[in-house]
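*Asks:* Could you look at this predicted model? Sequence included:
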Amino acid sequence: MEYLVTMTTHVPSGTPDAEVADVRAREGAHTRDLAAEGHVLRLWRPPLAPGEWRTIGLFAADGPAELERVLASMPLRVWRTDEVTALSPHPNDPHFLPDSPRLSPGHDGATEFLVTFTPAVPPGTPEKDVADADAREAVRAGELAEQGHLVRLWKLPAPPALGLWRADGDAEMRAILESLPLYPYVRTETTRLTPHPSDPAAPGSRSLREPLGGPRG
């Protein structure tokens, strides 16, 4: 199973810098091990306010108990709280297409985005209109996957769906979403992602080598 985990770290006031540096170093090294074991798939940073220390991760585990063992094994867990969302396969997920972009980072400066889709059908809309749009959605999702824009698509426990997308900035991301046949019938929430130094899919990631410092998280 796959899980999206939002990890928020609060270092206690007065903690020596040397202790923080030690925990961060051990976190980077252990993340490398978890990536090699197939548990840590991707790591990102969402938009952060000054002083915030937060990471979004895509994890794989055989169930909630194993995921908790994985998260509990991470050194930063002593100062961290984790918000876990279980992910289920979506019928339009391009992950199994031969030429899908998989989970490697974007190329040519493309930005990654997480987008949630919540049903918001206007009252009075004929059911046939929504059904037709849903049928065309699968075709459009395939096109966007082939273009490298749609990377993954999952179902969430509640009605919304969640997608991992790539675009050359906010304007192109909006245009992509507006091109979806179901766009008139959903509410979208977009989170712009930035690279994390321990992202196991990124070249030069500190999860693939000894940690060398850098931003917290």
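*Replies:* The structure has been received and is ready for your questions.

*Asks:* how much distance is there from stretch 180-187 to the middle of the chain?
*Replies:* On the basis of C-alpha atoms, centre = their mean, to the nearest Å, stretch 180-187 is displaced by 21 Å from the centre of the chain it belongs to.

*Asks:* And stretch 150-170, by the same measure?
*Replies:* On C-alpha atoms, centre = their mean, the centre of stretch 150-170 falls 8 Å from that of its chain.

*Asks:* Please apply the same query to stretch 132-147.
*Replies:* 21 Å.

*Asks:* Can you point out the buried residues in it?
*Replies:* Within stretch 132-147, the residues scored as buried using 16 or more other C-beta atoms under 10 Å are 133, 137, 140-141, 144-145. Every residue, glycine included, has its C-beta placed from N, CA and C.

*Asks:* Now it: average pLDDT?
*Replies:* For stretch 132-147, mean pLDDT rounds to 95.

*Asks:* Secondary structure class of the residue of the chain most remote from its centre, three-state.
*Replies:* In the chain, the residue that sits farthest from the middle, by C-alpha atoms, centre = their mean, is residue 124; the gap is 34.6 Å. In three-state terms, and counting by DSSP: H, G, I helix; E, B strand; the rest coil, residue 124 is coil.

*Asks:* list the contacts for it?
*Replies:* For residue 124, the contact set (C-beta atoms under 8 Å, 6 or more residues apart in numbering) is empty.

*Asks:* in this structure, which spans are helices?
*Replies:* Secondary structure of the chain by DSSP state H: the helices cover 17-36, 64-72, 127-146, 170-178.

*Asks:* Tabulate the ones you listed (CSV), appending distance to residue 81.
*Replies:* What follows is these, written out as CSV (distance: least, C-beta to C-beta, whole Å):
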stretch, distance to residue 81
helix 17-36, 15
helix 64-72, 10
helix 127-146, 34
helix 170-178, 29
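
*Asks:* so which of those gets nearest residue 42?
*Replies:* helix 17-36 (9.4 Å; C-beta to C-beta).

*Asks:* Quick one: distance of the closest one to the chain centre.
*Replies:* On C-alpha atoms, centre = their mean, the centre of helix 17-36 falls 21 Å from that of its chain.

*Asks:* quick one: it to helix 64-72, angle?
*Replies:* Helix 17-36 and helix 64-72 are oriented at 140 degrees to each other (axes from the mean of the first three to the mean of the last three C-alpha atoms, to 10 degrees).
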